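Visitor: quick one: sequence plus predicted model below, questions after.
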Amino acid sequence: MSKAILTGISSICLIPMTVMIAMAGHFTGSASSYLVWSLGLGVPLVFVGGGVFLWHWKKDRHNLKQELTKKTEALRKSEEKYRSLVESTEDFIFTINERGHLLSLNSFTANFFGGTPSQFIGQPLSILFSEEVAKQQLELVRLVFEFGKSVRSEFVVTTREHETWLSTNFMPLRDEQEKVKSVLCIARDITENKKLENQLVSAEKMASMGTLAAGVAHEINNPLGVILGFIDLLLEKFDKDNQDYQDLKTIERHSLHCKEVVENLLSFARQGEGASEYCDIYDAIHEIVGVVKHSLDMNHIELRLNLIPGLPKVKGDARQMQQVFLNLINNAAGAMEGGGLLEMGVSFNTNQDKVCIVVRDNGHGIKEEHMERIFDPFFTTKREGEGTGLGLFVSHGIVTKYEGTITCESSTEDTPQKPRGTTVTVTLKPKEKD
């Protein structure tokens with residue numbers, strides 16, 4: 001608009017001067033005086049027009065400069081806001097070129113992998129992840145460059161002794177010609193979600209196994225009762241020194257063992273029927289330790305107790321709690337062939353309002369691929385004849401029945417970052433105060 005006005009004013013200023021010069025040729029007598037008069041009138045008009053033009057030009061330039069300054073400042077603030085959001089988020093954010101080299105990454109990503117952004121920029125993706133994970137991610141990056149669409153996937157990242165599950169999204173970044181110039185990766189830690197998912201699957205599996213165990217136990221219990229009844233009748237017909245009597249006692253002994261296994265299955269199947277009973281965990285552990293102490297000494301296993309008297313009573317039947325601790329002690333002893341150290345400690349966790357019992361050994365440990373199955377029925381890593389695979393299965397059922405939890409951590413000789421051995425933690429609900 002200002003340019004149009006400026007052009008109009010300049011034209012108006014030049015028109016009189018042009019007309020006067022043209023008319024000067026028709027007045028020969030007074031041409032000189034008329035030309036002087038024309039120039040005297042036209043030149044000021046030209047200067048006025050030029051001044052107006054120069055004023056508007058400077059004004060437009062000043063306005064343009066102000067507008068450019070405002071846009072530059074707005075862009076700077078927008079970049080700072082974006083950078084602040086990227087740097088403050090606890091997500092893994094980085095960009096990769098087509099060769100698989102890092103173009104940028106936020107501080108959270110760099111700190112997680114033990115460095116600063118400048119140390120990783122320009123390096124291949126394998127500097128952050130293992131060769132296997134980096135290879136999988138580069139294949140996804142290739143797909144993004146080829147098809148120009150986002151790709152999602154999940155990866156397990158191992159740092160020192162920790163495993164982290166990442167949910168990643170690889171997205172294309174395009175240039176002005178809409179060609180993919182790089183790939184933006186945003187990854188989020190979903191380790192806790194994975195744990196909850198695994199716990200849910202385990203809970204559903206345990207519920208199904210409980211139903212199955214109840215059916216199997218009842219089906220086996222009936223014929224076992226008949227077998228034991230007839231054995232009692234036959235035993236009355238033979239003397240104790242008779243070989244037939246000894247054979248019947250062997251049958252009876254193994255039948256009773258089967259009966260015990262069935263009772264364990266029924267105990268697990270009835271885990272939802274826990275009564276509101278409370279016991280003194282200190283006394284319960286002392287009693288069971290008195291039973292196994294001699295056996296531990298014979299196997300050269302040192303037992304260290306860290307029991308605190310005066311703890312609140314916990315929800316659970318004393319006999320069933322003793323069965324849990326007996327199973328844990330037997331498992332620990334079985335993992336320390338040739339001797340070792342067994343520690344048992346009881347404490348009160350004020351933050352969780354729970355009584356915690358920890359059983360720790362320095363045995364051979366449990367392999368990582370077996371950890372997810374240790375509470376499954378009939379699963380055992382012991383040699384044939386040394387275990388039924390019901391110890392932890394039944395213990396889990398008893399503890400769960402009384403609203404407690406049982407967890408296990410283990411490391412073998414293949415994990416040098418941690419001392420070898422297994423730690424089982426049982427948490428129980430204390431009795432509410434009046």
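Guide: Right, received. Where do you want to start? Residues are numbered from 1 along each chain as shown.
Visitor: what segments of this structure are strands?
Guide: Using DSSP state E, the strands of the chain run over 92-96, 102-105, 151-159, 162-174, 180-189, 278-279, 301-306, 314-315, 340-349, 354-361, 405-411, 421-428.
Visitor: what's the angle between the fourth one and strand 151-159?
Guide: With axes from the mean of the first three to the mean of the last three CA atoms, to 10 degrees as the criterion, the two stretches strand 162-174 and strand 151-159 enclose an angle of 140 degrees.
Visitor: what residue lies at the spatial centre of the protein?
Guide: Centroid-nearest residue in the chain, with CA atoms, centre = their mean: Thr191, separated by 1.2 Å.
Visitor: for Tyr402, see how far away it is.
Guide: Going from Thr191 to Tyr402 by CB to CB, to the nearest Å gives 29 Å. In this view, the C-beta of every residue, glycine as well, is placed from N, C-alpha and C.
Visitor: what do you get for Lys195?
Guide: Distance from Lys195 to Tyr402, by CB to CB: 23 Å.
Visitor: which of these two has more residues huddled nearby?
Guide: Tyr402 (22 against 11; other CB atoms under 10 Å).
Visitor: and that one, what does it touch?
Guide: Taking CB atoms under 8 Å, 6 or more residues apart in numbering as the contact definition, Tyr402 lies against 274, 314-317, 428-429.
Visitor: quick check: closest non-adjacent residue to the residue nearest to the centre of the chain.
Guide: Spatial nearest neighbour of Thr191, excluding adjacent residues (CB to CB, 6 or more residues apart in numbering): Trp165 at 4.7 Å.
Visitor: is it true that that neighbour touches Thr158?
Guide: No: using CB atoms under 8 Å, Trp165 is not in contact with Thr158; the gap is 10.8 Å.
Visitor: looking at these two, which is more packed in?
Guide: Neighbours of Trp165 and Thr158, each counted by other CB under 10 Å, are more numerous for Trp165; the result is 18 against 11.
Visitor: this protein - how does it break down into domains?
Guide: Domain ranges of the chain: 2-84, 89-189, 193-269, 274-434, per automatic domain parsing.
Visitor: all the helices of the protein, residue numbers only.
Guide: For the chain, helices defined by DSSP state H occupy the ranges 2-23, 31-88, 107-112, 117-120, 131-147, 191-235, 243-269, 281-298, 318-334, 391-401.
Visitor: give me the contact list for the fifth one.
Guide: If I follow you right, that is helix 131-147. Contacts of helix 131-147 (CB under 8 Å, 6+ apart): 96, 98, 100, 124-126, 128-129, 149-151, 153, 155-157, 168, 170-172, 180, 183, 185.
Visitor: just the buried ones from those?
Guide: 96, 100, 125, 128-129, 151, 155, 157, 168, 170-172, 180, 183, 185 (16 or more other CB atoms under 10 Å).
Visitor: now Leu125: closest residue in space, sequence neighbours ignored.
Guide: Nearest non-adjacent residue to Leu125 (CB to CB, 6+ apart): Ala134, at 4.6 Å.
Visitor: count of residues packed around the one you found?
Guide: For Ala134, using other CB under 10 Å, the count is 17.
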